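Colleague: Kindly return the folded structure for what I paste below:
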Amino acid sequence: MWNRFLDRMLRHLISEGTLDIVWPDGRRVRYGDGSGPKARVTLTTPNIVKDLSLRPIMALGEGYTDGSLEIPEHQLFDLLTLLARNEQRGGMPAWFRGYSYMRGAVGRWLQRNTPLTSRRNVSHHYDLSEEFYRLFLDRDMQYSCAYFKDPGMSLDAAQAAKKAHIASKLRLAPGLRVLDIGCGWGGMALTLAREHGVHVTGVTLSRSQLETAQARARAEGLSEMTDFRLMDYRELTERFDRIVSVGMLEHVGLPQFPTYFAKVSDLLTRDGVALIHTIGRTAPPRPTSPWLERHIFPGGYVPSLSDLARPMESANLWLADLEVLRGHYGPTLHHWRDRFEANVKTVRAMHDDRFVRLWRFYLVACEMAFEEQQQAVFQLQLSKQQHTVPRTRDYLYSQPAQATSQVADRSLQSA
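Modeller: Below you'll find the predicted structure:
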């Protein structure tokens with residue numbers, strides 16, 4: 001029964017590309033038009049056939065992770081690309097759209113993200129260990145989209161360029177008080193303190209990240225210019241001249257967006273500036289992948305602009321500038337994936353084979369999403385007054401290229 005159901009679903013879905021399926025009974029069937037991309041999948045158990053029929057997105061990731069669905073490592077990106085292109089052509093059956101609608105409704109409950117559940121969600125992903133993340137991130141441990149002004153830039157240089165670009169939008173001056181919401185391992189906060197003479201308060205819900213950020217501040221002699229706290233941003237009461245938040249909004253959850261932007265408004269001084277850097281959809285809202293939500297980012301949600309507009313407006317904030325970074329996160333993830341694979345033996349020794357497959361699927365799926373689907377990065381520059389920031393973007397690019405390069409070089413040397 002399930003063999004016939006999945007076979008019909010695949011014949012309806014795959015109209016572009018080439019997908020070869022080896023069924024549990026040894027049959028080999030080809031789907032698609034014979035063009036590229038091409039991939040071969042081996043289904044090793046009858047249960048995976050049933051699971052793919054009933055919950056295809058979850059079963060694909062879980063089947064790869066547990067080995068009941070085998071894919072040659074070099075074909076994983078092509079497989080996900082093939083499936084994404086055909087899904088965007090409307091190849092999924094009608095019942096799947098109803099299933100997605102229900103997932104969206106359930107997602108609102110899963111993303112309510114109280115202070116308690118937020119701590120648990122953050123710990124699930126970010127408390128793995130500093131040593132693990134150092135295996136694939138840049139030297140400054142920037143776990144967010146880099147900024148490739150030149151496609152040939154190294155990952156370290158592109159991450160330094162990202163920080164410099166954000167710093168320009170913050171309009172920093174020595175002595176200003178800056179808040180970093182979701183400060184990670186401290187790289188952004190330390191860069192702003194070191195390069196611009198500002199005092200930065202960084203908050204995180206990850207104990208591992210906190211300890212690393214504090215240790216780095218001590219090692220660089222920046223403890224007096226930084227204040228890292230294990231703290232929920234909702235608990236803050238001080239006022240700040242500048243607020244920066246990089247890669248944090250994706251963890252807030254759709255129901256918490258009004259709270260988030262209201263808090264940014266409350267914490268920002270009247271002439272302050274905030275820069276929110278987040279993954280975003282350039283398409284209508286869509287539920288979080290159930291596999292990603294369960295195994296990688298519980299409580300997470302990637303917003304569309306329509307999700308963000310009303311909460312920002314209700315918080316009485318000016319959207320002073322909006323920049324959409326396209327074609328940057330795909331290369332960032334490709335760098336991470338190359339580094340992960342180069343260190344895969346170390347990762348396996350730290351964890352196990354299942355963990356390796358889990359993270360490989362995650363990195364490949366995310367890279368594919370930024371290359372094939374309507375996903376990008378939004379940089380929201382917010383203020384309370386219309387004229388807090390210049391009326392044109394000229395100020396972002398007025399520095400000579402050599403001066404910008406020297407700032408990036410200093411940042412890399414200190415990382």
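Colleague: any idea how far G26 is from R337?
Modeller: Per CB to CB, to the nearest Å, G26 is found 32 Å from R337. C-beta here means a position set from N, CA and C on the backbone, and glycine is covered the same way.
Colleague: who has more neighbours, these two?
Modeller: R337 (19 against 7; other CB atoms under 10 Å).
Colleague: name the helices or strands packed onto the host helix or strand of the more buried one?
Modeller: Using DSSP states H and E, R337 maps to helix 329-342. Secondary-structure packing of helix 329-342 (3 or more CB pairs under 8 Å, 6 or more residues apart in numbering; DSSP states H and E): helix 155-170, helix 353-372, strand 375-383.
Colleague: Now render these as a markdown table, adding mean pLDDT and mean neighbour count.
Modeller: As requested, the helices and strands packed on helix 329-342 are exported to a markdown table (pLDDT from 0 to 100; neighbours: other CB atoms under 10 Å):
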| stretch | mean pLDDT | mean neighbour count |
| --- | --- | --- |
| helix 155-170 | 98 | 23 |
| helix 353-372 | 97 | 20 |
| strand 375-383 | 98 | 21 |
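Colleague: Do I have it right that E323 meets G280?
Modeller: No: using CB atoms under 8 Å, E323 is not in contact with G280; the gap is 11.0 Å.
Colleague: Spit out the residues that contact the two alike.
Modeller: Residues touching both E323 and G280 (CB atoms under 8 Å, 6 or more residues apart in numbering): F378.
Colleague: between those two, who's got more neighbours?
Modeller: Using other CB under 10 Å, the more surrounded residue of E323 and G280 is G280, with 24 against 17.
Colleague: beta partners for R30?
Modeller: D20 (DSSP bridges).
Colleague: Give the next helix or strand downstream of the longest strand anywhere in the chain.
Modeller: Under DSSP state E, the strand in the chain containing the largest number of residues is strand 268-281. Downstream of strand 268-281, the first helix or strand assigned by DSSP H and E is helix 290-295.
Colleague: Can you point out the buried residues in that following helix?
Modeller: P290, W291, L292, E293, H295 (16 or more other CB atoms under 10 Å).
Colleague: same check, this time on stretch 312-322
Modeller: M312, A315, L317, W318, A320, D321.
Colleague: Now the two most distant members of those.
Modeller: A315 and D321 (16.5 Å; CB to CB).
Colleague: what does the average pLDDT come to for the longest strand of the chain?
Modeller: For strand 268-281, mean pLDDT rounds to 98.
Colleague: try stretch 236-253
Modeller: pLDDT averaged over stretch 236-253 gives 96.
Colleague: and the gap between the nearest residue to Q88 once chain neighbours are set aside and L249?
Modeller: Among residues not flanking Q88 along the chain, Q373 sits closest, at 7.2 Å (CB to CB, 6 or more residues apart in numbering). Separation of Q373 from L249 (CB to CB): 19 Å.
Colleague: So these two - more neighbours on which side?
Modeller: Set side by side, Q373 and L249 show more neighbours around L249, with 26 against 17, by other CB under 10 Å.
Colleague: Mind listing the residues bridging to the closest residue to that one other than its chain neighbours?
Modeller: With sequence-adjacent residues excluded and distances taken as CB to CB, 6+ apart, L249 is closest to T278, at 3.8 Å. Using DSSP bridges, the bridge partners assigned to T278 are F378.
Colleague: can you tell me how far T278 sits from Y301?
Modeller: Counting by CB to CB, the gap from T278 to Y301 is 10 Å.
Colleague: contacting residues for the closest residue to W336 other than its chain neighbours?
Modeller: Closest residue to W336 apart from its sequence neighbours, by CB to CB, 6+ apart: F136 at 4.7 Å. With CB under 8 Å, 6+ apart as the criterion, the residues that contact F136 are W336, R337, R339, F340, N343.
Colleague: what's the closest of the residues you listed to G67?
Modeller: Sorting the contacts of F136 by distance to G67 puts F340 at the head of the list, at 19.1 Å, by CB to CB.
Colleague: How about P285, nearest residue that isn't a chain neighbour?
Modeller: S304 (4.6 Å).
Colleague: wait, that neighbour sits on P287?
Modeller: No: between S304 and P287 there is no contact under CB under 8 Å: 11.6 Å.
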